[in-house]
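Colleague: pasting a predicted model and its sequence here:
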Amino acid sequence: MDGAVTSDAISAVFAAQCVKAAERRLTFGYAERRAALEKLTEAVRRYEPEILAAFAADFGKPEAEVVFTEILPVTQEIRHTLKHLRRWMRPSRVSSSLPTFGTSAQVMAQPRGVCLIISPWNYPLNLCLGPLVSCLAAGNSAMLKPSEMTPAVSAVIARLIAETFPPDLVTVVEGGKDVSAVLLALPFDHIFFTGSPAVGRIVMEAAAKNLASVTLELGGKSPVIVGPDADIEQAAKWIAFGKFVNAGQTCIAPDYLFVHASMKERLLALLRERIAKAYGDGAQSPHLARIVNDHHARRLSGLLDDAKAKGARVVSGGEAEARAMAPTLIEAITPEMEIGREEIFGPILPIIAFDDIEQVITQINARPKPLSLYVFDRNNAFVERVLAATTSGGAGVNLTMLHFTHPDLPFGGVNNSGIGMAHGLYGFLAFSHQRAVLRNRFSLVPLVFPPYEGRAKRLIDLAKRFLG
């Protein structure tokens, strides 16, 4: 067991949360949930200097990027939730059908209970506290398991949570795979996991043993398409941003790029120009995050070396030193290269020219469904053809990444890229049980109770004519 955390200690906290969960169904109402979210906002603001320092220690992320991609998404999620929480919590009325004439129907959002949130290393604050917002808004308690691969950020999250909430409401459990295994063996009411499809399968298997519901935010190879009528300058700016923010360590980053052959050379020139402007010092740029650890740095270098050995050409970047890797563009990709099969999760962008969009669609559909898909073109028919013929968790048209930040859009994957939705109302619903309640006022159904003869049979035959 990692550090001082023991299986017994984890089980004791879980048991305490279970006891309190039943009580909170009656006591953790709108005012209490609102107060909890306001306390979380205050804590994030108070801890901002420590958060910035922790990100610098873990993977050299620029301060502005930490604020933009880690802190602001959490505070925006809280702000949006506070604005709409009362309405989300209100039972919704449902109209009656013919068989239920004389009744009133409603759907009540109930807390699921005790929830487990396992967050990844690439956006360790955003993807830990963001789901917590939805969890608390829905009236649940939570155990948080941040990534051991970003120890400084995980330690800050642990202190922030311990100062803000009692452990029977929210607690942080730090540690590695063995701690995760202990947590996953417990009968949580809901598990929210963000990470790779491979680990997502392990989480789902563990959840199945306790019949726990899950939200899985996974990943995959998200394509970007630049069509023949694209605003090429706009495309270059958005693609460079989406690919190289956080050094490409983003689950919705463009993983590989299709560009119409007529636009390829111009796009390459504009991408190189944009990279030079944004990251002029290459691998050592102060505006570029570092790779999270030596293992992942070696993995990325291995992907690049394998591609070059099999004929790929580096057209920009390629330099790497320890955990620093320059934004890199490569072309001449072939199917036998590992970079074409494995999610890159780093600052390397393969570029593939095309003439026929139908061939591109066929290639995309031959892969597991991605978490995101991006298409750049001013021809609406071209865009709609791509959207209609492909499937992805989310999609961006003439932009990248930004759909993640929209508070009224669901965020999630499909099949290999995830199960369930998050953010805003969709996050609230993910952590809620939708309870159906039907109240009898003057139901006429007793008229057809058995024995099925006489009036009862005549009424059933009459209903068959209307409903059959």
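Modeller: Sure, I can see it. Because the structure is a prediction, the values reported are computed rather than measured.
Colleague: can we go C-alpha only for contacts and neighbour counts from here?
Modeller: Noted.
Colleague: where's residue 260 relative to residue 15, distance?
Modeller: Residue 260 sits 58 Å away from residue 15, taking CA to CA, to the nearest Å as the criterion.
Colleague: oh, that last question was meant for residue 134, not what I typed.
Modeller: Distance from residue 134 to residue 15, by CA to CA: 22 Å.
Colleague: what about the two, which has more around it?
Modeller: residue 134 (27 against 15; other CA atoms under 10 Å).
Colleague: partner residues bridging residue 258?
Modeller: In this entry, residue 258 is beta-bridged to residue 225, residue 352, by DSSP bridges.
Colleague: and the pLDDT at it?
Modeller: Turning to residue 258, the model gives it a pLDDT of 98.
Colleague: now residue 3
Modeller: pLDDT at residue 3 comes out at 45.
Colleague: going forward, count from 21.
Modeller: Right, with 21 as the first residue, what we last looked at is residue 23.
Colleague: domain parsing of this structure, as residue ranges.
Modeller: Taking automatic domain parsing as the reference, the chain has its domains at 27-238+438-455, 243-425.
Colleague: need these in CSV (columns: distance to residue 465).
Modeller: What follows is the domains of the chain, written out as CSV (distance: least, CA to CA, whole Å):
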stretch, distance to residue 465
domain 27-238+438-455, 7
domain 243-425, 43
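Colleague: so which of those domains is nearest residue 468?
Modeller: With CA to CA, the closest approach to residue 468 among these belongs to domain 27-238+438-455: 10.8 Å.
Colleague: average pLDDT across the closest one?
Modeller: pLDDT averaged over domain 27-238+438-455 gives 96.
Colleague: quote the end-to-end distance of it.
Modeller: Start-to-end, domain 27-238+438-455 (CA to CA) is 34 Å.
Colleague: where along the stretch 321-470 of the chain do the strands fall?
Modeller: For the stretch 321-470 of the chain, strands defined by DSSP state E, counting those that start in this stretch occupy the ranges 333-336, 340-341, 344-345, 348-351, 368-374, 392-396, 414-417, 438-439, 452-460.
Colleague: with respect to residue 305, which of those strands lies nearest?
Modeller: Closest among the strands of the stretch 321-470 of the chain, using CA to CA: strand 344-345, at 8.9 Å.
Colleague: the closest one: partners in the sheet, and parallel or antiparallel?
Modeller: strand 340-341 (antiparallel).
Colleague: check the offset of the partner strand from the chain's centre.
Modeller: Its chain's C-alpha centre and that of strand 340-341 lie 30 Å apart, by CA atoms, centre = their mean, to the nearest Å.
Colleague: for stretch 31-48, same thing?
Modeller: Using CA atoms, centre = their mean, the offset of stretch 31-48 from its chain centre is 27 Å.
Colleague: contacts for it next, please.
Modeller: 130-131, 133-134, 159-163, 187-189, 206 (CA atoms under 8 Å, 6 or more residues apart in numbering).
Colleague: if we go to 6 Å?
Modeller: Under the contact criterion CA atoms under 6 Å, 6 or more residues apart in numbering, stretch 31-48 has outside partners 133, 188.
Colleague: what of stretch 311-322?
Modeller: Against stretch 311-322 from outside (CA under 6 Å, 6+ apart): 79, 343.
Colleague: and stretch 359-368, what's buried?
Modeller: 359-360, 363-368 (16 or more other CA atoms under 10 Å).
Colleague: end to end, how far does that stretch reach?
Modeller: End-to-end for stretch 359-368, by CA to CA: 9 Å.
Colleague: now it: mean pLDDT?
Modeller: Rounded mean pLDDT across stretch 359-368 is 94.
Colleague: do stretch 466-485 as well
Modeller: Rounded mean pLDDT across stretch 466-485 is 89.
Colleague: any idea how far that stretch is from the chain center?
Modeller: Worked out by CA atoms, centre = their mean, stretch 466-485 lies 51 Å from the chain centre.
Colleague: can you check stretch 243-255 too?
Modeller: 25 Å.
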